[in-house]
Structure formats: structure tokens, C-alpha cells
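Asks: Based on what follows, work out the 3D shape:
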Amino acid sequence: MKERTQIYLDNAASGMLDGRVLEAMLPYLTEFQGNPSSVHYHGRLLRAALEKARKTVADLLNCSPSEIVFTSGGTEADNYALKCAANDYKVKQLISSPTEHHAVTHTLEQISKEKNIPLIWLSVDSKGNINLEELDKHLKNEPLSLISLMHGNNEIGTLHPINEIGRLAKSYGAIYHSDTVQTMGHFLFNTQNLEIDYLVGSAHKFYGPKGIGFLYRKADKPISPFICGGSQERNQRAGTENVAGIVGLAKALELCYRDHKIYHEHLWNLKNTFKTELQKILPNVSLNGEISEEKSLPTVLNVTFPFEEDQMILLNLDMHGVSASGGSACTSGSNKGSHVLHAIGLKESAISNSIRFSFGVQNTLEDIHQTIQILKNIFEFQNA
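Replies: Modelled structure (predicted):
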């Protein structure tokens, strides 16, 4: 019996844990006991590992260790930054985009409702780009704003111009938070060259463990603790730290920065090969979002297939051993369809036939060629 093909192309949902990361974590799962807040020998060992990891992350981002707070992941980091900044700085307006991750959109909607302040959704074009002139207009009307605009979109891969957004925000004295979950580890961030007050990272998006992330908060934009009940994380986040996860996060980010050029070239080779080969077998396929190397993620390609709605393409792919996604994993099970694809103007039938393929460094060109062949077979069967 032929062995079933297993190809994982859902890396935007969660990447594969790097073996070197697991190796770095193992001693803190199996050997070192204790609590990093304890003052005895065992506690001090864990505290040293934790602070070493914090310094590693800070050095990579070119910031102070005091500007890094470890969290349970990107969603908590987004919530922490948005809720606490809105409260501490008494902002009078919220500005974002309808293509943001729900960790941002739902949080902003809650803040707007609870504080009775306006929430402005910037318009986006058919590729998910915002209009900086529109942002400028809203900031002129109310400079004391909290802006939340992501770097790279998790569903369509479009990149926002965070440097320009940051400079615009600073010129008005506005606060700028960016959900950088999809780009942290895939792009090189130098916080000294960015006018961004809050950045976030989630380790499992850059080949680290699940359940651990961090918030970068600029020193001149401190915020109150989000979780209370202890003095951990320098009084910023109560709760015993996940030392093994934190060590793994730091190691994963270190590897991504060290091998950035190699990873970047490999991922773009995968994406471009997939795109080219797919358009050969399906010339009328549609690609959603920006797809150029200057304006999009190397890890994400969102495709609308020219099939009928009931063809269940994802199920067919899964049956043939290919794991992909219909959108954000965080909205799995929702019957509303992708809010991102809605925002860029796709019709319901097109949304139903859209699939996100997302690539990781463990993927090979053979994975791409096999997936294209499987899609070709599915297409030929449906049209037989």
C-alpha cells in the first residue's frame, strides 16, 4: 500500500518546532526545577535563564530588556497593548483596518464600547492596502488617537508601510501599535529605526513553541499591568513565567535572525514556484492581496479557485494529504467566512473557494510540485 503524502502548508497558523529550539528547551522541562521568582539556588538558575532569554530578544530588536514583556502569545500581547494604552493615555479615538486579525478588531470594538470613543475603520483597496491620506485626515481631526495597523496580513500576505505609518503617528503625537505576529522572525526589526510604540511576537509563528509570546513596549510609552496578582515580569504581568517556552522563543528568534537571508530566499522560492506552477494548470485562478516581494509576505499565498462552491477543495486536499487553510485558524468553525476577504471586496462564492497556502522553512520544492499535481488531479476530476 502506497504511503499517504503528508504536506503541511498551513505555517501561518502555526510553524513547525525547530529541533534546535526543542533541544534548548528540554533542560527546563526535564532537569531544572523550581520557580524563577524563588530566591534559592533552583529559582536563581531559572531566573538567570529567563533574563538571558529576555536580553537575547532585546538585543535582536535593538531595545532594552526592560522593554520586553513575555506573554502567553500574540493575542494576549495585542490585548495588553491596546487595552492598557487606551486606558492609560486617555485616547479619544481608535483607528484601525477591517483586515486586522480578530485579536485586534474584537479588542478595539470592546474598548470603543466600554469607553464610548469612536472607532474608525480605514478603507482598504482590493489588495488590502490602506490609504495614508485617509489616516492623515483622521489624525488631523483627532491627534490623541490609538492606531493599530498590522505589518503583514495573516490571510492575504499584504504588507502595510509601518515606517510611514509610524512617522505619521509621531507627527501628530498619536500612539501606534502594530500586530507583527506574522512578520516577527521573518523580517529584521530594529526598534531604534521604527516609530512604533508596541510590537508583538508569537513564538510558534517563527518555529518556536506554542503558548508563548512577547510585547515590546517603547520605554517612553509605559503601560499598566494587564494581568495582576504578582510581581513577575518586572511587575508587568503576574503569573509564574513559562521558562522553557521563553528559552525556546529566544532561541527560535535568534535562529531566524541569524539565518534570515537563507530563510527569506527559500520562502520566496517556494511561493514564486507555487504561484507560477499553479497559474500554468489553472490560468483563471485569482491571487488575493499583494504578491510582489516588495509588498507581501514570503510565507502566504491566498488563492481563489474557479470551482463551484460545493466542490470542497480543502477537504479534497486534506484527503490527498495536503494541509492548508480557508483563512485564519482563529476563526475556524465560523460560518461567516473570512472577514479579510470580505473587506477587500470578494463575493461570497469567491470566499468559499479561497484557500490560504502558507510556507515554512521546512517545506521543499518537492512539496510544492506534489501539491500542484494534486490540485491538477482534483481539477481534472471535477471537470471530467
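
Asks: can you map out the strands along the stretch 51-200 of the chain?
Replies: Listed in chain order, the strands found in the stretch 51-200 of the chain under DSSP state E, counting those that start in this stretch are 68-71, 93-96, 119-121, 145-148, 175-178, 198-202.

Asks: Switch the ones you listed over to CSV; also include mean neighbour count and mean pLDDT.
Replies: Using the backbone N, CA and C atoms, a C-beta is placed for each residue, glycine as well. What follows is these, written out as CSV (neighbours: other C-beta atoms under 10 Å; pLDDT from 0 to 100):
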stretch, mean neighbour count, mean pLDDT
strand 68-71, 26, 98
strand 93-96, 23, 98
strand 119-121, 17, 98
strand 145-148, 26, 98
strand 175-178, 27, 98
strand 198-202, 29, 98
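
Asks: how about those, which one is nearest Leu139?
Replies: Shortest separation from Leu139 across the strands of the stretch 51-200 of the chain is recorded for strand 145-148, at 6.0 Å, computed as C-beta to C-beta.

Asks: What is that closest one packed up against?
Replies: The contact analysis (3 or more C-beta pairs under 8 Å, 6 or more residues apart in numbering; DSSP states H and E) places strand 145-148 against helix 74-88, strand 93-96, helix 132-141, helix 162-172, strand 175-178.

Asks: Next, the buried residues of stretch 228-243.
Replies: 232-233, 236-237, 241-243 (16 or more other C-beta atoms under 10 Å).

Asks: hang on, I meant stretch 300-313
Replies: Counting neighbours by 16+ other C-beta under 10 Å, stretch 300-313 gives 300-305, 307, 311, 313 as buried.

Asks: Okay, and which of those residues map to strands?
Replies: 300-304 (DSSP state E).

Asks: Need the max-distance pair from the buried residues of stretch 228-243.
Replies: Gln236 and Val243 (16.5 Å).

Asks: Which of the buried residues of stretch 228-243 sits closest to Ala350?
Replies: Distances from Ala350 to those, taken by C-beta to C-beta, are shortest for Asn242, at 40.8 Å.

Asks: For stretch 288-297, give me every contacting residue.
Replies: Stretch 288-297 has contacts (C-beta atoms under 8 Å, 6 or more residues apart in numbering) with 127-129, 152-153, 155-159, 182-183, 186, 268, 275, 300-304, 341, 344, 346, 354.

Asks: Which ones among those lie within helices?
Replies: Here DSSP state H is the test, and the contacts of stretch 288-297 give 268, 275, 341 as lying in helices.

Asks: Give me the subset of the buried residues of stretch 228-243 lying in strands.
Replies: Among these, none falls in strands (DSSP E).

Asks: export the residues you listed to TSV and tack on distance to Ile7 and pLDDT?
Replies: Formatted as TSV, these follow (distance: C-beta to C-beta, whole Å; pLDDT from 0 to 100):
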residue	distance to Ile7	pLDDT
Gln232	41	90
Glu233	39	89
Gln236	41	88
Arg237	38	92
Glu241	36	94
Asn242	31	96
Val243	34	97
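
Asks: what's the closest of these to Ala203?
Replies: Proximity of those to Ala203 (C-beta to C-beta) peaks at Asn242, which lies at 10.0 Å.

Asks: now the closest one: how far from Asp78?
Replies: 18 Å (C-beta to C-beta, to the nearest Å).

Asks: how near is His351 to Lys127?
Replies: No His there; residue 351 is Ile. Per C-beta to C-beta, Ile351 is found 16 Å from Lys127.

Asks: Kindly report the same for His369.
Replies: 28 Å.

Asks: neighbour-wise, which of the two wins?
Replies: Lys127 (18 against 13; other C-beta atoms under 10 Å).

Asks: Give me the pLDDT for the residue lying closest to that one once chain neighbours are set aside.
Replies: Closest residue to Lys127 apart from its sequence neighbours, by C-beta to C-beta, 6 or more residues apart in numbering: Glu290 at 5.0 Å. For Glu290, the pLDDT comes out at 98.

Asks: before we move on, what about Asn377?
Replies: Reported pLDDT for Asn377: 90.

Asks: what does the one 5 residues further on give?
Replies: pLDDT, Gln382: 61.

Asks: same deal with Ser231?
Replies: The model's pLDDT for Ser231 equals 83.

Asks: Verify the stated contact: it with Ala238.
Replies: Yes - look at Ser231 against Ala238 with C-beta atoms under 8 Å: they come within range, at 7.4 Å.

Asks: Can you tell me which of the buried residues of stretch 300-313 is nearest Tyr172?
Replies: Among these, Val300 lies closest to Tyr172 (C-beta to C-beta), at 31.2 Å.

Asks: give me the number of residues near Lys261?
Replies: Neighbours of Lys261 using other C-beta under 10 Å come to 9.

Asks: ok, so what distance separates it from Leu188?
Replies: From Lys261 to Leu188 the distance is 10 Å (C-beta to C-beta).

Asks: Ok, His102 next?
Replies: Taking C-beta to C-beta as the measure, His102 falls 27 Å from Leu188.

Asks: Show me what the helix or strand of the chain with the lowest mean pLDDT is packed up against.
Replies: In the chain, no helix or strand scores lower on mean pLDDT, DSSP states H and E than helix 232-235, which sits at a mean of 86. Here helix 232-235 touches strand 68-71, going by 3+ C-beta pairs under 8 Å, 6+ apart.

Asks: Need the residues that contact the strand it packs on.
Replies: So strand 68-71 is in contact with 54, 57-58, 61, 77, 80, 200, 212-217, 233-234, 236-237, 241-242, 246, 249, going by C-beta under 8 Å, 6+ apart.

Asks: Adjacent strands (with direction) for that strand?
Replies: Using DSSP bridges, strand 68-71 pairs in its sheet with strand 213-217 (antiparallel).

Asks: residues of the partner strand that come out buried?
Replies: Across strand 213-217, burial judged by 16+ other C-beta under 10 Å covers 213-217.
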